[in-house]
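Enquirer: Sequence first, then the predicted structure:
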Amino acid sequence: MNPTALVIFAKCPVPGQVNTRLQPLISPRDSARLQEVWILDTIEKVKNVAEVDAFMACAPSEHTAFFQDLKSKTGIELFLQQGNTLGLKIQNAFSEMFARGYRKMAVIGVDSPTFPPELIEEASTLLDNHDVVFGPSKDGGYYLAGMRNQPHAIFPDDDMGTEDVLQKAMDRVSELNLRVSTLPPWYDLDTFSDLKFACSHISLLTLAGKYFPVRTKEALEGILKKNYHQSKI
């Protein structure tokens, strides 16, 4: 067992049930395709992180054909997301990992596929001297949240899609007198504009010889080529 558990939260890539904010500018099929490549790229990214055990928290079930095939091909351990809200699901994931004996834990989603694996390593290091760590995202949320030693109740149990999600969590951290640190800010891919930005960003990362998500790059290029004429965003 490594000292840090990393839990990847992911929905099964079913057309019409994932990335619905991107529709109708891209099709439900393309939305599901993006979800699939984000999951695959995220697992690939985590392989490069030292001293971390990776898990995947699945929805709506870990027993779908997609997730079972993923487990067979990658070996990643799966478990079902538990709770009625995303905040509660995240809180329960922390409880699960600490109950298994991990000293440090972080959760990430799959809709920030471009952030480099070094930020996961940095989060693990920061948790040696801090109780909580966040990776802020530009929409007011976070692309990573980490804790050490115990599952502090810091996650809002209401709508996690609002612009003050991170602030609410930070307020709870302050109320509990926990030591907190933050990673460099990053971005999610929630809108068509985000997809266009990410495609350009990935091209620049490629030129610079930096980490980039290979499958996401290919999928974005194909989708934007197909859909660019439909939107002037």
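Expert: Cool, the structure landed.

Enquirer: and after the helix ranked longest in the chain, which helix or strand comes next?
Expert: Ranked by residue count, the top helix of the chain under DSSP state H comes out as helix 28-46. Using DSSP states H and E, the helix or strand that follows helix 28-46 in sequence is strand 52-59.

Enquirer: Just give the strands next to that next one in its sheet, each with its orientation.
Expert: Taking DSSP bridges as the criterion, strand 52-59 forms sheet pairs with strand 4-11 (parallel), strand 77-80 (parallel).

Enquirer: Excluding its own residues, what touches the helix or strand that comes right after the last one? List them.
Expert: Scanning forward in sequence from strand 77-80, with DSSP H and E defining helices and strands, the next element found is helix 86-99. The contact list for helix 86-99 (CB atoms under 8 Å, 6 or more residues apart in numbering) reads 5, 7, 9, 55, 57, 59, 79, 81-83, 105, 107, 145, 147, 149-151, 153, 155-158, 160. Glycine gets a C-beta too; all of them are placed from N, C-alpha and C.

Enquirer: hang on, the earlier thing: now the longest helix of the chain: buried residues?
Expert: 28, 30-43, 45-46 (16 or more other CB atoms under 10 Å).

Enquirer: what does the model give residue 61 for pLDDT?
Expert: Per-residue pLDDT puts residue 61 at 95.

Enquirer: should've said residue 158
Expert: Residue-level pLDDT assigned to residue 158 equals 63.

Enquirer: Only C-alpha atoms, please: export stretch 174-187 in CSV.
Expert: C-alpha atoms of stretch 174-187 as CSV (Å, rounded to 0.1, in the frame of the first residue of the first chain):
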residue,chain,number,x,y,z
SER,A,174,-11.6,27.8,8.4
GLU,A,175,-14.4,27.0,10.9
LEU,A,176,-12.6,23.7,11.7
ASN,A,177,-9.2,25.5,12.1
LEU,A,178,-7.6,23.2,9.5
ARG,A,179,-4.3,23.9,7.7
VAL,A,180,-5.0,24.3,4.0
SER,A,181,-2.9,24.8,0.9
THR,A,182,-3.7,25.3,-2.7
LEU,A,183,-2.3,24.1,-6.0
PRO,A,184,-1.9,26.2,-9.1
PRO,A,185,-5.3,27.0,-10.7
TRP,A,186,-6.6,25.0,-13.7
TYR,A,187,-9.7,24.6,-15.8
